[in-house]
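Undergrad: pasting a predicted model and its sequence here:
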Amino acid sequence: MKTKIHHLSMAGILLFSAPQVHAELTFGLDLFKDMGDRDLSAGYGSSSSQNDLDNSAADSTGFRLRLGFGSIKDSRGEIYFSKYEADDAGPLGYSNEWELGGNYIFTFMKNPTNPLLKPVSPFLKAGIGLGGADTEMTFIYSDSGETTDNIYNAHINLGGGVSYSFTDNIAITGGIEYVYRSWQDFESGYYTISPTDSLFRIGIGIGVTF
């Protein structure tokens, strides 16, 4: 069995998360629920065709820590760390799953004419990152012969939501996003196995600007 490592340029994460010149930082904590599919597909040898092997739910619950470079009401880059547990471990026995990456948050409607809407900040977001999980499988690296039970992914997310500010420094946030993960390919006999996740994430959280 041989693993094929997905490479994701760290420059991509920096594109979303690197601060310009901001005096303020925003710390956030989110709780989320994922709903979607976790698929396994197989390709034979050098053939480009893929056959579905197994589908399981990618439903999970978890939390996310965020550090944003700018005020909670402003467009900003942020970095994040997420930890979550799938309701169904699936055929590979996933556990202890995590994500690390960067988002860019674009806020709009900053100065509404209706005073009742002044605390409300709609936003759109996009991000990329890396992730990993423990499994019940043993993988062997073909180049070194070393073994591991870990598997890694590259992922993207797209979404939006609304923040409601109680003060200039404290807000609650609700949002929904689409997440796609491409896990490491691995080989079993003549087949190359490709796990992927496709899911929607609903979350609620709090943000504090310092």
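TA: Yep, it's here. Residues are numbered from 1 along each chain as shown.
Undergrad: list the contacts for the nearest residue to residue 159 once chain neighbours are set aside?
TA: With sequence-adjacent residues excluded and distances taken as CB to CB, 6 or more residues apart in numbering, residue 159 is closest to residue 177, at 2.5 Å. C-betas here are computed from N, CA, C, even on glycine. The contact partners of residue 177, by CB atoms under 8 Å, 6 or more residues apart in numbering, come to 125, 157-160, 200-201, 203.
Undergrad: again, only this time at 7 Å
TA: For residue 177, the contacting residues are 125, 157-159, 201, by CB atoms under 7 Å, 6 or more residues apart in numbering.
Undergrad: where do the strands sit along the chain?
TA: All strands of the chain, identified by DSSP state E, fall at 3-4, 26-44, 51-57, 60-68, 76-86, 95-107, 120-140, 147-165, 170-183, 185-188, 191-209.
Undergrad: could you dump those strands to a markdown table with mean pLDDT?
TA: A markdown table is the format used below for those (pLDDT from 0 to 100):
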| stretch | mean pLDDT |
| --- | --- |
| strand 3-4 | 46 |
| strand 26-44 | 91 |
| strand 51-57 | 68 |
| strand 60-68 | 97 |
| strand 76-86 | 96 |
| strand 95-107 | 96 |
| strand 120-140 | 92 |
| strand 147-165 | 94 |
| strand 170-183 | 97 |
| strand 185-188 | 81 |
| strand 191-209 | 93 |
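Undergrad: and those strands: which comes nearest residue 114?
TA: strand 120-140 (9.4 Å; CB to CB).
Undergrad: what comes up buried for the closest one?
TA: By 16 or more other CB atoms under 10 Å, the buried positions in strand 120-140 come out as 121, 123-135, 137, 139.
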